[in-house]
Structure formats: C-alpha cells, structure tokens
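J.: Here's my sequence, what's the structure:
(one chain, ligands or ions: 2)
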Amino acid sequence: MADQWQEAYDFAVQVARAAGAVIRKAGECEIKVQTKSCTVDLVTQTDERVEKIIIGSLKEQFGEGTHCFIGEESVAKGEPCILTDKPTWIIDPVDGTTNFVHGFPFVAVSIAFAVNKELEFGVIYSCLEDKMYKARKGRGAFCDDEPIQVSDVKDIHKSIIISEHGTDRDKQKVKKIFSTMQKILCIPVHGLRGSGTAATNMCLVASGATEAFFEIGIHCWDIAAGAVIVKEAGGVLLDVDGGPFDLMSRRMISANNMVIAERIIKEIEIFDSVRDDAPIQKK
Ligand SMILES: O=P(O)(O)O[C@H]1[C@H](O)[C@H](O)[C@H](O)[C@@H](O)[C@@H]1O
Ligand SMILES: [Mg+2]
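T.: Ligands and ions are numbered 1, 2, ... in the order given. Predicted coordinates:
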C-alpha cells in the first residue's frame, strides 16, 4: 500500500528545522514575556509566531480544512483541544519557553501527527543543540538520522531519573512533587535531572541518556511527539498510576523498560490535573 504519511513526516522535519532557526534568531533579541495560567507559565511572541508559521506551512502543504490542529498557543487562546479520528497535528512550538526566556540551552520544537487517534509520527528539534529527533510508528527512532535506543539498565540503583516541577506553584502539589523526588532520590538512584522541556526529556530517555521521565501537569503537545520517539526507541509509556498511557490525561511516565517504570510508579504521589480534552469551563 502506498506509504501515505512519508511525505507528511519528511515535511514535518523541514518545518521543525525552519521553526528552530526562527527561535534561535529570536533568542538573539530582547524577548517580551507574557504569562498564561499563572505568573511562572510564560509565553512570548516567539511561541505565538512560531506556532503560526508551523500551522501556516502545514495548511499550505496539505490544504485548509483537511487536517486538524492542536497547538499549545491556539488552545491557550480558546481553540478546542479535542483529538478526533481526523488527521491531526499536535504542536508545541517552543517547548521549554522558560528556558528560552532565560537562555537556558534546552528549547525544542515538538510536532506530532495522529490519525484515528493513533500517533503516526513525532518530530522533536532541539534547536539550541541542533539535534533532530524523529520516529514513525513501527519504523524506529533516530537522532540526526542515526538510530537511537533506550538504555538497557534494569537496576534502579544504576539509573538517572528525570522529573520536572512544572509551572504550578500550588503548595500542596509542590509538596507532593518534591516528596516524590525525595523518595526516588533516596532509593537511591544515581541522580535526578530535568532539562525544563518535556520533549527534550523524552528524547533523553529514547537515546539512553536517562532511564525514565515522568511528570504530572504536562500537556498533550509537550509529549505527543516524544511518545512516538520513546516507543520506537524500545521504551514504554504508562499513566503514572501504572495504567495505559493516555495522551490527554496531563500525566505520564516514559521509561526504558517496565522494571524501571513500575519501580518509579511506586514512589509517585499523584495529584489532580484537569484533562486537556475536558470541556472548557464557561467563565
Ligand atoms: O515550555 P512549555 O511548552 O510551557 O512546557 C513545559 C512546561 O511549561 C513545564 O515547564 C514542564 O515542566 C515542562 O516539562 C514542559 O515542557
Ligand atoms: Mg510550549
């Protein structure tokens, strides 16, 4: 059967690379910062501009109205965040916005593509490192066209685990986040890390640099592309309660294998997060 998504996959790589160049250029100038859900949930004109460039390029290539789009900044402006069976692009134009504002060198363009609610491919361009991660369902994962695969570590005591504290500063949630981190650190593991971008964190799992990344509070656009890349690199994806991975649930764990995943899950103190696809509350 004709491979109907190869052209879209190749085009997504081109668009991600071009978007990364725009981000790098914008980082050389003064960055005007605004906030979204709270004072530390940052957004810049670059996030919005890059999302418009990405969606505009995809619409031009594939036609208006044939594909659907879930973009971080479009959703922030009230667009629906509902995954249907239609071909859908799930986009984080600047993952690691806080890093971008501070010049902390991990900023990623994350572009995923789903059909019939199945993730077909994911592309993550770590634009300050100039590293292009990509994967198509059933065809392996790559960094700069070199195959990548998860680490073979099964002993939790020999692992590095990535966790992020996110942008929520609710004291009860922060307490659970740090209590979880403390319990994991004192297993003990070799170390805890966090790049500040979920997409990059998942690439670090996929490339074997760390054994797991989990987070409660992320969004579908932060993790959709990384989910394909981790899975195609031989890793596993689960809900933080050990259930099946749920893209819209705002929580997940990605790991190199089930042994590590299940050991980490034991320590995670879960707190509620409103689903990405929850009905929009009328103000
Ligand atoms: O930079 P964002 O696109 O907003 O996404 C990040 C989020 O804001 C928060 O910092 C999370 O901890 C990150 O994992 C996520 O990528
Ligand atoms: Mg973002």
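J.: Going along the chain, name the helices of this structure.
T.: 6-26, 45-62, 72-76, 97-102, 171-185, 198-206, 220-232, 258-265 (DSSP state H).
J.: can you redo these as a markdown table with mean pLDDT, mean neighbour count and distance to residue 120?
T.: In short, each C-beta sits where N, CA and C put it, glycine included. Shown next, in a markdown table, are the helices of the chain (pLDDT from 0 to 100; neighbours: other Cβ atoms under 10 Å; distance: least, Cβ to Cβ, whole Å):
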| stretch | mean pLDDT | mean neighbour count | distance to residue 120 |
| --- | --- | --- | --- |
| helix 6-26 | 98 | 18 | 8 |
| helix 45-62 | 97 | 18 | 13 |
| helix 72-76 | 96 | 20 | 20 |
| helix 97-102 | 97 | 20 | 26 |
| helix 171-185 | 98 | 15 | 33 |
| helix 198-206 | 98 | 31 | 17 |
| helix 220-232 | 99 | 28 | 8 |
| helix 258-265 | 98 | 20 | 24 |
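J.: what's the closest of the ones you listed to residue 128?
T.: Among these, helix 6-26 comes nearest to residue 128, with 6.8 Å by Cβ to Cβ.
J.: Does ligand 2 have contacts with that closest one?
T.: No - Helix 6-26 stays clear of ligand 2 (Cβ under 5 Å from the ion), getting no nearer than 11.0 Å.
J.: neighbouring contacts of that helix?
T.: Contacts with helix 6-26, where a contact means Cβ atoms under 8 Å, 6 or more residues apart in numbering, come from 44-46, 49-50, 53-54, 57-58, 61-62, 93-94, 100, 107, 109, 111, 113, 120-121, 123-125, 127-128, 130, 132, 134, 136.
J.: Tell me the pLDDT of the residue nearest to residue 258 when sequence neighbours are not counted.
T.: Closest residue to residue 258 apart from its sequence neighbours, by Cβ to Cβ, 6 or more residues apart in numbering: residue 236 at 5.6 Å. Predicted confidence (pLDDT) at residue 236: the value is 99.
J.: what's near enough to touch residue 228?
T.: Counted by Cβ under 8 Å, 6+ apart, residue 228 has contacts 112, 119-122, 135-137, 141.
J.: so of the residues you listed, which ones are in strands?
T.: 112, 119-122, 135-136, 141 (DSSP state E).
J.: Could I get those residues in CSV, plus columns for distance to ligand 1 and pLDDT?
T.: Shown next, in CSV, are the ones in strands among the contacts of residue 228 (distance: Cβ to the nearest ligand atom, whole Å; pLDDT from 0 to 100):
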residue, distance to ligand 1, pLDDT
112, 14, 98
119, 17, 98
120, 22, 98
121, 20, 98
122, 14, 99
135, 18, 98
136, 23, 98
141, 19, 98
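J.: And stretch 257-275, how far out from the chain middle?
T.: 17 Å (Cα atoms, centre = their mean, to the nearest Å).
J.: ok, how many other residues are close to residue 147?
T.: When neighbours are counted by other Cβ atoms under 10 Å, residue 147 registers 10.
J.: how close does the nearest residue to it once chain neighbours are set aside sit to ligand 1?
T.: Closest residue to residue 147 apart from its sequence neighbours, by Cβ to Cβ, 6+ apart: residue 140 at 5.7 Å. Plainly put, residue 140 is 24 Å away from ligand 1 if you go by Cβ to the nearest ligand atom, to the nearest Å.
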